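Engineer: requesting a structural model of the entry that follows:
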Amino acid sequence: MRHGKKVNHLGRKAAHRKAMLANMACSLIEHKRINTTVAKAKALKQFIEPLITKSKAENNQTVEKGTHNRRIAFKNLRNKYAVTELFDAVSEKVGDRPGGYTRIIKLGNRLGDNADMAMIELVDFNELYNAGKPKKKSTRRSRRGKGSKSETPAVAVAENPSESKEVMDVEAKADDSEE
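Structural biologist: Residues are numbered from 1 along each chain as shown. Modelled structure (predicted):
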């Protein structure tokens, strides 16, 4: 019986498992999504979500806390480029999310050995899922002071500057090919 045993050993010794999860986490931070088996994706989710929480700006208000959190992330990831990317781009994107930074999507079975495959991705970096949904306004409701504040109208979502840059690049390439 496996009562109280939460670690999925993944058929590996502890050192091999830690190294594999560190490499997969670095790949996930670098590429924003990776394909792997369902069991490894679930283990990776438990491994990387606390690191993303430590990278958020609200947890790094002072220099001491920021340095300590970077050292903890480096101890687990063992890659300074992944730590830099985690504390810069990833933490900026997930700053307002209270948790659930990754998403696991099952893909079917692998042809060679019929293993269950899945894609694990960082939620805020998938533009297809987030395109139609406007940003939610987070509110805190309390029992005291009902009706003291007036409602503010919703602000329209601005156009993404990276999309307009891509459109300009495509148009520039089309103009170059015509000449």
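
Engineer: going forward, measure contacts between C-alpha atoms and count neighbours the same way
Structural biologist: Will do.

Engineer: where do the helices sit along this structure?
Structural biologist: Secondary structure of the chain (DSSP state H): helices at 14-31, 38-55, 63-77, 80-85, 91-93, 127-130, 161-178.

Engineer: looking at those, which is buried most?
Structural biologist: helix 38-55 (a mean of 19; mean count of other CA atoms under 10 Å).

Engineer: who are the packing partners of that one?
Structural biologist: Judged by 3 or more CA pairs under 8 Å, 6 or more residues apart in numbering; DSSP states H and E, helix 38-55 is in contact with helix 14-31, helix 63-77, strand 102-109, strand 116-122.

Engineer: of the helices of the chain, which is nearest I104?
Structural biologist: For I104, the closest of the helices of the chain is helix 38-55, at 7.0 Å, according to CA to CA.

Engineer: averaged pLDDT, that closest one. What do you get?
Structural biologist: Helix 38-55 shows a mean pLDDT of 96 in the predicted model.

Engineer: identify all contacting residues around that helix.
Structural biologist: Residues outside helix 38-55 that contact it (CA atoms under 8 Å, 6 or more residues apart in numbering): 8, 10, 21, 24-25, 59-60, 69-70, 73, 86-87, 90-91, 99-102, 104, 106, 116-120.

Engineer: centroid residue for the protein?
Structural biologist: The centroid of the chain falls nearest to L122 when counting by CA atoms, centre = their mean (3.1 Å).

Engineer: just put the helices and strands packed on helix 38-55 in TSV and tack on distance to R2 and mean pLDDT.
Structural biologist: Output for the helices and strands packed on helix 38-55, formatted as TSV (distance: least, CA to CA, whole Å; pLDDT from 0 to 100):
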stretch	distance to R2	mean pLDDT
helix 14-31	18	97
helix 63-77	26	96
strand 102-109	25	96
strand 116-122	22	97
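
Engineer: need these in a markdown table with distance to K54, can you?
Structural biologist: As requested, the helices and strands packed on helix 38-55 are exported to a markdown table (distance: least, CA to CA, whole Å):
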| stretch | distance to K54 |
| --- | --- |
| helix 14-31 | 14 |
| helix 63-77 | 6 |
| strand 102-109 | 15 |
| strand 116-122 | 16 |
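
Engineer: picking up where we left off before, my guess is the residue nearest to the centre of the chain meets R33, correct?
Structural biologist: Yes - judged on CA atoms under 8 Å, L122 makes contact with R33 at a distance of 6.4 Å.
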